[in-house]
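Asker: next comes the sequence, and after it the predicted model I'd like to discuss.
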2 protein chains.
Amino acid sequence: MTEAEFLEGYDPGVHERPSVAVDLILMSVVGGRPAALLLRRDEHPHLGRWALPGGFVAIDESLDAAARRVLGAKARMTDAYVEQLYTFGAVDRDPRTRIVSVAYFALLPAARFAAALKGAPELTLAELVVPWPGETGGPVEARSADGDALPLAFDHAEMLGLAMLRLRGKLDYSGVAFALLPELFTLRALQDVHEAILGVRLNKPAFRRRMLDTGRLEATGERETGASFRPAELFRCRKTMPEQE
Amino acid sequence: MTEAEFLEGYDPGVHERPSVAVDLILMSVVGGRPAALLLRRDEHPHLGRWALPGGFVAIDESLDAAARRVLGAKARMTDAYVEQLYTFGAVDRDPRTRIVSVAYFALLPAARFAAALKGAPELTLAELVVPWPGETGGPVEARSADGDALPLAFDHAEMLGLAMLRLRGKLDYSGVAFALLPELFTLRALQDVHEAILGVRLNKPAFRRRMLDTGRLEATGERETGASFRPAELFRCRKTMPEQE
DNA sequence: GCAAAAGTGTTAATGCTACACCCATGT
DNA sequence: ACATGGGTGTAGCATTAACACTTTTGC
C-alpha cells in the first residue's frame, strides 16, 4: 500500500476532541507602565469579569493565522509583532467544555494601542500590576486607568504573567522593545520601555551606549519637536526583523 | 440566569475540531553530544521515517498529564524534568487529518537514557546535528550512532531545532543542566553538558568559579572512583527546583 | 539667564580569559 | 617516578556601572 492509498482510506476516528482556541495578549507600554487590552464578558461564564480577546481555531486555519484573524477582528489591526507564548490545557480551565488555548502576545506602540481602543470601543485599557521584583511568571493583576481592580476571567491572569516574564527575558537580545515604539523614537523613549518592562531604573549613559553598541539603531539626524528643552535625536530600528524565539 | 443554569444548558456546538496531540522530545547528552530518542514509523504516513514519541490528548486529560502519560508509556519513565516547548499548528503538518501538536521536552541523565533504551527497544538513540554556531532554531538533523542520517517525519526536525535553541537559552540561568546529570556529578561532567549544548569549548577555571559562585552547587566531600588519576569531587544540585520558563 | 533634559567623557568596579602551577591518584 | 586530569592562584583584558560635566533648546 502506498502512502497515497493509505491516506485515501484513513478514518480520523471518533475519539472526542477538545476545542482549540487562541487568546491574544495585546500589549503596550502606556504612561511608563505595561498595559493590555481586555474585554468585559457579557455572558456566562465569568460574566462581568475581564478577558483577553480570543477565538476558536477553524479546522482549515493554522494557529498563527487564527491569532492574526483575531487581531484583525477584535482590534482592527493587521500588522503587529505577534508571537506564540504558551498553550494552556488544564481540563477545567473553561467550565463550558474542554478548550485548549494557545496564547499569543501582540506588541503595539502606544499610539496604535490608543487607535485600537478607539476603533474597538468594547476594548478596555488595563494596566498590569506586576509584583516587582523577583516575580516568577505567576498571575498578574489588571487595573483600570482609574485604579479599580479588573478581575480576570479563566486563567487569563496566568497568561498575562507569563507574557510579562517572556517579554522581560527577551528584552535585551531580541528587538521586542522596538515593536512597542513608533517607527522613529528617542533613546529616552526606548529607555522608558525597558524600565517599564524590567521594573527598574536604568543608568542613562550606560543604557545609551549599550543600545548604540548593538548596531541595531540607526540615527536619522531628525530631531524631536515640541519640547521646551533640547530636542532629542530620533532613531530608527535597523531593518532586522525581530527574530522569533 | 445564574452561571450554573447557563452551564446546564450549554451546547458545545458542532464546529469541526482539530485533534490535539503531544510530542515528546526525550533529550540527553551522550558522549558529549546532544541526543534524542526516536521511533521508526512502521505505518503510513512517513513510513520508515523517524518520529518523536507522541500521543493524542484525551478529553479529560490536561496537556501536562498527556505528556507525562506518553513519557511513561513510550519510555517507561516516571519522573523527569518535563517542560512545554511550543505548539505546532500548521494545517497540513499531518496529512491524515488536522492535528495540533503541543511539543514537550523531557531531560534525562545519560544513564536513565540508556535504561529507557533498554526498557523500550523500539526506541532508537539519535545524535542531533546542530549547525554551530549561529543557529537559528531551524530544523535539526538526526543521525544514528553509526553516522547514518535518520530522516525525520512530520515537522519533527523543527521541534528538535526549537528544543535545542530553548535549551541553549535556559542553560545559564535555570538548572536545566542538572536535569541532564545524575544526582551526584563532577564539575567536569557539568562542563561537558554545557559544552555539548552550547557547542563551544569553555575555559575550565572560569567555568568552575562561575558555577560555584551561583550557590546552586553543594559539595558532598565524596570523590569519584575508578579513574586512573586524581578523583574529582562530587557535587549535588541544591534543592531548588529548576524553575519553569 | 535659567530650567530641563540631551548627550559625552572619565574613572572605578566587576567579571571573564588565559596561563601557570600545584595536587592526588593508578600504573 | 610519571602520566593524567583535578583543582587553584594571578595577571590582563573587556564590559559595565556611576558620576560629573557640557550642550541645546524654550521661556
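Answerer: Thanks, I have the structure now.
Asker: didn't residue A:149 look like it was pressed against residue A:127?
Answerer: No: using Cβ atoms under 8 Å, residue A:149 makes no contact with residue A:127, being 10.6 Å away. Bear in mind the C-beta positions are built from the backbone N, C-alpha and C, glycine included.
Asker: the two: which has the busier surroundings?
Answerer: residue A:127 (18 against 12; other Cβ atoms under 10 Å in any protein chain shown).
Asker: can you report phi and psi for the more buried one?
Answerer: Backbone torsions of residue A:127, given as degrees, to the nearest 10, read phi -80, psi 140.
Asker: doesn't residue A:157 lie inside a strand?
Answerer: No: with DSSP: H, G, I helix; E, B strand; the rest coil as the criterion, residue A:157 is helix rather than part of a strand.
Asker: so how far is residue A:41 from residue A:81?
Answerer: 27 Å (Cβ to Cβ, to the nearest Å).
Asker: whoops, I mixed them up, residue A:75
Answerer: 17 Å.
Asker: what about these two, which has more around it?
Answerer: Comparing residue A:75 with residue A:41 by other Cβ under 10 Å, the one with more neighbours is residue A:75, at 23 against 15.
Asker: name the nearest residue to the more buried one, sequence neighbours excluded.
Answerer: Excluding its sequence neighbours, the residue lying closest to residue A:75 (Cβ to Cβ, 6 or more residues apart in numbering or on different chains) is residue A:116, at 4.6 Å.
Asker: surely the one you found touches residue A:76?
Answerer: Yes: using Cβ under 8 Å, residue A:116 is in contact with residue A:76, at 6.4 Å.
Asker: more neighbours, these two?
Answerer: Applying other Cβ under 10 Å to residue A:116 and residue A:76 shows that residue A:116 carries more neighbours, namely 22 against 13.
Asker: that one: which element?
Answerer: Assigned by DSSP states H and E, residue A:116 falls within helix A:110-119.
Asker: contact partners of that helix?
Answerer: Residues from elsewhere that reach helix A:110-119 (Cβ atoms under 8 Å, 6 or more residues apart in numbering or on different chains): A:26, A:28-30, A:35, A:37, A:75-77, A:80, A:108, A:123-125, A:180, A:182.
Asker: so which of these are in strands?
Answerer: Among the contacts of helix A:110-119, the members falling in strands (DSSP state E) are A:26, A:28-30, A:35, A:37, A:123-125.
Asker: need the pLDDT of the residue nearest to residue A:75.
Answerer: We have a pLDDT of 90 for residue A:116.
Asker: distance of residue A:148 relative to residue B:209?
Answerer: Residue A:148 is 51 Å from residue B:209, by Cβ to Cβ.
Asker: same check, this time on residue A:98
Answerer: If you go by Cβ to Cβ, the gap between residue A:98 and residue B:209 works out to 50 Å.
Asker: ok, stretch A:126-138 near chain B or not?
Answerer: Yes: shown here: stretch A:126-138 in contact with chain B (Cβ under 8 Å from any Cβ of the partner chain) through A:136-137.
Asker: contacts for that stretch?
Answerer: Contact partners of stretch A:126-138, identified using Cβ under 8 Å, 6+ apart, comprise A:30, A:33-38, A:50, A:140-145, A:150, A:158, A:160-162, A:164-165, A:199-200, B:243-245.
Asker: pull out the buried positions in it.
Answerer: Going by neighbour count (16 or more other Cβ atoms under 10 Å in any protein chain shown), the buried part of stretch A:126-138 is A:126-128, A:130, A:137.
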